[in-house]
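Asker: let's see this in three dimensions:
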Amino acid sequence: MTETNNGPLTPDPEDREELGLTDASVIAAEEQADREYEDAVQKLAASGLLGDSEMIAEIVREPDPIMELAEEAGLEEKMAQIAAEINSRAPEHDVQPSTSRVVDCLDILGNPQNSYRTIHITGTNGKTSTSRMIAALLAEKGMRVGRYTSPHMHTMRERVTIDDEIISRAAWVDTWNQIKPAIELVDKASLAGGGPVMSTFEVYTVMAYAAFADAPVDVAVIEVGMGGMWDATNVIEADVAVLTTIEVDHARYLGSTREEVAREKVGIIKDGATVISAIQHPEVLPILAEAVASHHAHLELEARDLNLLDRTPGVGGQVIAVQTPAATYSDTPFSLLGRHQARNAVLAIGAVEAFFGGGALDGTVLEHALMSVQSPGRLEVVRNSPTVVADGGHNPAGVEAAAAALKETFHGPIVGVFAAMADKEVEQMLGVLEPVLDSIVVTHLDNPRALPVEDLREIAEDVFGEERVREEYDLLEAVDMAASLAEAANREEMTAAAVITIGSIELASRVRELFGKATRSI
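Answerer: This is a model prediction of the structure:
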């Protein structure tokens, strides 16, 4: 036996067996002692012997900051382990044309995705903003809402929100512990059949569906990762399918024509669903109509059934008027900038009306939801004087929408900071920006998929001309250079200069972190 400096005799490991003390019995005894100590403290606090019993009880109940720090450190370590395991899998942009692995995994888990209703969203641009608006409207109606979006900007946990709050580290770890055995079983079966293990995005999707069931939520707003038919999310029977305008993007995986992309994206439409669609190009409409007919679905189409009647841009947002089959909503304040966001709001209103059976929404519900909604990294003002705007536009259509909003919102000189992934239509995006920007600063992205800044400068000079292009490797220096260029070009007392950072979601996330809007974490 050994006597410690701080307490009674404690058996050495070699003495435990002789004394009949197993590890389990020792732990149980320690836990029992802790409970008895806590009970004694609570009784003493309640007795009044130490003074105000309510105040003492409140002090006793306060969490121990040291224990909180230790718990947080433990969660951070576990999060790092989980992230390493998930990220070791096939990246989410590496599309695997099958939903079978997700189906099998969810089946092992008891199909949690069937325990709540869903709204499913696809399209090319505006999916995340529309998802946020739909979730805000549903929450304002008193529902508990889960939202699954991608990609993430600052932490993988932001893909999964419940009641507009990012899932906590503890909940993420709990969900991972719950689904990991099922993932391992599916991986083993897939490998035995000559297939791949579950991809990063497939694992994220299973985590979201399980977390929503655990919460539990009343409804989940689900954004596809890429495409629709073979997207990992497409294992739900959504009441409502929402399609933003379909353009060519991710051509390597979805096809090089709008028709090919559309055939993939209409795959989210389910039997008997209501389909809420943005204006579509003429070549897309027959494909959409065929999918609606084959599933006996009901279609509500923007500019036919759903209309943006009017909009008035203002400081920090706009005022919109919207007409749906159920109602006309006039003079509705809305927190986001740009005609494209107003059009997204039309889809969101139509989707929520359809979710509740087609009736009109209360005007107060609509106003509160649309005034509260935020869309980080989408024409987001991250700094004032001079104004710096972060936008995640990463294809020609997305950049065009942002450019139009810039022209109506900022009337002084505008200078761009641009970086993009190498597989994007960089020349077309720069061509859209050229008439809007006074000049442009190209910069570096610390991402293996990014287009090297030297190559980017050559393309920018072809579009803008050498005299309007600058190169700055460091992002902060690039933003400062753009601000200086914009202010130097501003010769009107009544106008203000602005900087727009655009070309990549990764760039938008870095700019948000640079100006303290978010912190990168696991």
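Asker: okay, how far is it across stretch 492-501, tip to tip?
Answerer: End-to-end distance of stretch 492-501 (CA to CA, to the nearest Å): 23 Å.
Asker: next, the buried residues of it.
Answerer: Neighbour-count burial for stretch 492-501 flags A496, A497, A498, V499, I500, T501 (criterion: 16 or more other CB atoms under 10 Å). Bear in mind the C-beta positions are built from the backbone N, C-alpha and C, glycine included.
Asker: okay, and for the stretch 351-500 of the chain, where does confidence drop off?
Answerer: Confidence mapping of the stretch 351-500 of the chain against pLDDT under 70 gives the ranges 493-494.
Asker: the helices in it, which residues?
Answerer: Under the criterion DSSP state H, counting those that start in this stretch, the stretch 351-500 of the chain contains helices at 363-372, 396-409, 426-433, 453-464, 475-489.
Asker: let's have these in JSON lines, adding mean neighbour count.
Answerer: Listed next are the helices of the stretch 351-500 of the chain as JSON lines, based on neighbours: other CB atoms under 10 Å:
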{"stretch": "helix 363-372", "mean neighbour count": "18"}
{"stretch": "helix 396-409", "mean neighbour count": "21"}
{"stretch": "helix 426-433", "mean neighbour count": "21"}
{"stretch": "helix 453-464", "mean neighbour count": "18"}
{"stretch": "helix 475-489", "mean neighbour count": "19"}
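Asker: distance to K180 added to those helices, as a markdown table?
Answerer: Output for these, formatted as a markdown table (distance: least, CB to CB, whole Å):
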| stretch | distance to K180 |
| --- | --- |
| helix 363-372 | 36 |
| helix 396-409 | 36 |
| helix 426-433 | 40 |
| helix 453-464 | 40 |
| helix 475-489 | 37 |
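Asker: between those helices, which one is nearest to D218?
Answerer: Closest of these to D218 is helix 363-372, at 15.5 Å (criterion: CB to CB).
Asker: who are the packing partners of the closest one?
Answerer: Helices and strands touching helix 363-372, by 3 or more CB pairs under 8 Å, 6 or more residues apart in numbering; DSSP states H and E, are helix 127-140, strand 328-334.
Asker: ok, then the element right after the longest one?
Answerer: Next in sequence after helix 127-140, counting helices and strands by DSSP states H and E, comes strand 145-148.
Asker: can you list the strands that that following strand pairs with?
Answerer: Strands that pair with strand 145-148, judged by DSSP bridges, come out as strand 160-162 (antiparallel), strand 219-223 (parallel).
Asker: any idea how far that strand is from the chain center?
Answerer: Centroid displacement of strand 145-148 relative to its chain, using CA atoms, centre = their mean, to the nearest Å, is 10 Å.
Asker: what residues are up against the closest residue to K265 other than its chain neighbours?
Answerer: Sequence neighbours aside, G228 is the residue nearest to K265 in space, at 4.1 Å (criterion: CB to CB, 6 or more residues apart in numbering). Neighbouring residues of G228 by CB atoms under 8 Å, 6 or more residues apart in numbering: T122, N234, E264, K265, V266, G267, I268.
Asker: quick one: classify G228 as helix, strand or coil.
Answerer: Here G228 is recorded as coil under DSSP: H, G, I helix; E, B strand; the rest coil.
Asker: give me the residue at the spatial middle of the chain.
Answerer: Closest to where the C-alpha atoms of the chain average out (CA atoms, centre = their mean) is T149, at 3.9 Å.
Asker: make JSON lines out of the strands paired with strand 145-148 and add mean neighbour count and distance to W176.
Answerer: Shown next, in JSON lines, are these (neighbours: other CB atoms under 10 Å; distance: least, CB to CB, whole Å):
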{"stretch": "strand 160-162", "mean neighbour count": "23", "distance to W176": "12"}
{"stretch": "strand 219-223", "mean neighbour count": "27", "distance to W176": "19"}
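Asker: so which of these comes closest to T130?
Answerer: T130 sits nearest to strand 219-223 of all the strands paired with strand 145-148, at 8.4 Å, using CB to CB.
Asker: packing partners of the helix or strand harbouring L299?
Answerer: Assigned by DSSP H and E, L299 belongs to strand 298-301. With contacts taken as 3+ CB pairs under 8 Å, 6+ apart, strand 298-301 sits against strand 274-277, helix 285-294, helix 339-355.
Asker: and that strand, which residues are buried?
Answerer: L299, E300, L301.
Asker: name the residues that touch that strand?
Answerer: For strand 298-301, contacts defined as CB under 8 Å, 6+ apart pick out 273-277, 279-280, 288-289, 292, 305-306, 324-325, 350, 354.
Asker: from those residues, which is closest to L485?
Answerer: In terms of CB to CB, no member of these lies closer to L485 than I279, at 36.2 Å.
Asker: and T257, how many neighbours?
Answerer: A count of neighbours around T257, defined by other CB atoms under 10 Å, yields 12.
Asker: not counting its neighbours along the chain, what's nearest it?
Answerer: V248 (6.7 Å).
Asker: surely the one you found and E259 touch.
Answerer: No - using CB atoms under 8 Å, V248 makes no contact with E259, being 9.9 Å away.
Asker: more neighbours: those two, which one.
Answerer: Regarding V248 and E259, a neighbour count based on other CB under 10 Å identifies V248 as having more, with 18 against 15.
Asker: let's verify that one: helix, strand, or coil?
Answerer: Applying three-state DSSP: V248 is coil.
Asker: quick one: residues contacting it.
Answerer: V248 is in contact with T124, L254, G255, S256, T257, R258, V261, counting by CB under 8 Å, 6+ apart.
Asker: 7 Å - rerun?
Answerer: By CB atoms under 7 Å, 6 or more residues apart in numbering, V248 lies in contact with S256, T257, R258, V261.
Asker: quick one: the first one and L437, what's the gap?
Answerer: Going from S256 to L437 by CB to CB, to the nearest Å gives 28 Å.
Asker: the two: who's more crowded?
Answerer: L437 (25 against 10).
Asker: which one is that one nearest to, not counting chain neighbours?
Answerer: G416 (4.5 Å).
Asker: now that neighbour: how far from V442?
Answerer: 9 Å.
Asker: again, but for V436
Answerer: 16 Å.
Asker: endpoints of stretch 438-446, how far apart?
Answerer: End-to-end span of stretch 438-446 (CA to CA): 26 Å.
Asker: sorry, that was for stretch 330-343
Answerer: End-to-end distance for stretch 330-343, by CA to CA: 15 Å.
Asker: buried ones in that stretch?
Answerer: T332, P333, F334, S335, L336, L337, G338, R339, H340, Q341, A342, R343.
Asker: what ranges does the stretch 101-250 of the chain have for its strands?
Answerer: Using DSSP state E, counting those that start in this stretch, the strands of the stretch 101-250 of the chain run over 117-122, 145-148, 160-162, 165-166, 219-223, 240-243.
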